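any chance you could fold what I've pasted below:
(one chain, ligands or ions: 1)
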Amino acid sequence: MYNITVIPGDGIGKEVMKATLSVLDALNLNLNYTFAEAGDECLEINGEPLPEKTIQLCKKSDACLFGAAGETAADVIVKLRQEMELFANLRPVKSYPGTNALFEDIDFMIVRENTEGLYKQDEEKYTENGAEAKRIITRQAESRICDYAFKYALKHGKSKVTGVHKANVLKKTDGLFKKIFYETAENYKDKGIDAEDFYVDATAMYLITQPKTFEVLVTTNLFGDILSDEGAGLVGGLGLIPSANIGENGALFEPVHGSAPDIAGKGIANPLAMLLSAVMMLNYLGETEEAENLDKSILKVLKESKNLTPDLNGNSTTDEMAEAVKIELLKLNKSYI
Ligand code: ATP
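Presented below is the predicted three-dimensional model:
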């Protein structure tokens, strides 16, 4: 049995979470869900966006599923990542059939440092003349993320890791990142993993002009956040990008999209980013067969293009699309319910 903390959160977070749990329930798994609160609605009800009870539940569970938080996202998800020491943020960018992907065969992973950089909120403050934010780069955190990226490449049969930075301008902080990146690369040279590095602005362009050349990208917090939304644009929108936040002692899986207030309550949010986050969770838990079946079923629904939400040019609802995934699962394995 796996203990899973479930935080539906706000807006479409609730809708895609409900749809995802209904699909997960069909699998041959014993998932014990504990629901927890966080986000804008939680702030309204409890006076705080991320109660200590939620943090403790997340820390105790085998894995967490998170939907979305609205205005309070920074106080919820950024804080949770720091509290749980979820240092690696994995954001796969993959083109699927039946979507608005700009290219076929895009398949790369963005490995984003999750705990420092410009996202240390306690280091941002107003000053006499305006405001300032501090960019924190530590040897420990950057070595850990670079090593994670190379290990990921090795484990998944990739041949190259690209380090992304702006070391020509941020000479000390990103200069250090680049140095650590190449020091780490040395340990993987004889294992067949090549290393290259690009400036972040050039990378933003290369993602459009030559996206198929990328396999694994590793970068600091803010750059990773921005490049992964660019990646979403490459493969047909935020409704398709899942993510994993991984630490030594815990993990949290969430779609890259937010609460999408413009479509919340309409029942038309694409559930796939959340469902694909669940696939990442199943792989993390070692349930690779169930993960593969879920992945295959999602692919089938996309290929057939009969049950797609409006963001994919269809007219199905969130629940109808999830139901279609369930039907494909049943075709793969009759013992699913
Ligand atoms: P938040 O403030 O919570 O981050 P947002 O609207 O600023 O919300 P997103 O929620 O990431 O940011 O949404 C950005 C755009 O992408 C919106 O137009 C939204 O409708 C669309 N979008 C995001 N997720 C989905 C989804 N799962 N299905 C369909 N459209 C989506």
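
spell out which residues of the stretch 101-250 of the chain are next to the ligand.
Residues of the stretch 101-250 of the chain found near the ligand (Cβ under 6 Å from any ligand atom) are Leu238, Gly239. Quick note: C-beta positions are derived from backbone N, CA and C, even for glycine.

where does the stretch 101-250 of the chain get nearest to the ligand, residue-wise?
Across the stretch 101-250 of the chain, no residue is closer to the ligand than Gly239, which sits at 3.4 Å (Cβ to the nearest ligand atom).

how many neighbouring residues does the closest residue to that residue other than its chain neighbours have?
With Cβ to Cβ, 6 or more residues apart in numbering as the criterion, Gly239 has its nearest non-adjacent residue at 2.9 Å, and that residue is Asn270. Counted with other Cβ atoms under 10 Å, residues neighbouring Asn270 total 29.

try Lys166
21.

may I have the phi/psi pair for it?
Backbone torsions of Lys166, given as degrees, to the nearest 10, read phi -140, psi 50.

is it in contact with Asp201, as I believe?
Yes. Between Lys166 and Asp201 there is a contact at 7.2 Å, judged by Cβ atoms under 8 Å.

which SS state does the residue nearest to Gly239 fall under?
coil (DSSP: H, G, I helix; E, B strand; the rest coil).

re earlier: do you know how far the residue of the stretch 101-250 of the chain closest to the ligand is from Glu15?
Note on Gly239: its distance to Glu15, by Cβ to Cβ, to the nearest Å, is 12 Å.

repeat for Ala232
When Cβ to Cβ is the yardstick, Ala232 and Glu15 sit 19 Å from each other.

looking at those two, which is more packed in?
Per other Cβ under 10 Å, whichever of Ala232 and Glu15 has more neighbours is Glu15, with 27 against 19.

my guess is that one meets Met274, correct?
No. Counting by Cβ under 8 Å, Glu15 stays clear of Met274, with 9.0 Å between them.

residue boundaries of the strands in the stretch 1-150 of the chain?
In the stretch 1-150 of the chain, the strands defined using DSSP state E, counting those that start in this stretch lie at 2-9, 31-35, 63-68, 88-94, 107-113, 125-126, 131-132.

buried set for stretch 84-94?
Neighbour-count burial for stretch 84-94, counted by 16 or more other Cβ atoms under 10 Å, picks out Met84, Leu86, Phe87, Ala88, Asn89, Leu90, Arg91, Pro92, Val93, Lys94.

quick one: contacts for the second one?
Same thing as Leu86. Leu80, Asn114, Thr115, Asn245, Ile246, Gly247, Gly250, Ala251, Leu252 (Cβ atoms under 8 Å, 6 or more residues apart in numbering).

so what's it closest to, chain neighbours aside?
Spatial nearest neighbour of Leu86, chain neighbours left out: Asn245 (3.8 Å); criterion: Cβ to Cβ, 6+ apart.

which parts of this structure are helices?
Listed in chain order, the helices of the chain (DSSP state H) span 12-24, 40-46, 52-60, 73, 79-83, 139-155, 173-186, 200-209, 221-234, 272-284, 288-304, 318-332.

so for the last one, mean pLDDT?
It refers to helix 318-332. Confidence for helix 318-332, expressed as mean pLDDT, is 95.

contacts for that helix, please.
So helix 318-332 is contacted by 12, 15-16, 18-20, 22-23, 26-27, 267-272, 275, 293-294, 296-298, 300-301, 306-309, 314, 316, 336 (Cβ under 8 Å, 6+ apart).

7 Å - rerun?
Outside helix 318-332, the residues within contact range by Cβ atoms under 7 Å, 6 or more residues apart in numbering are 15-16, 19, 22-23, 26, 267-269, 271, 275, 293-294, 296-298, 300-301, 307-309, 336.
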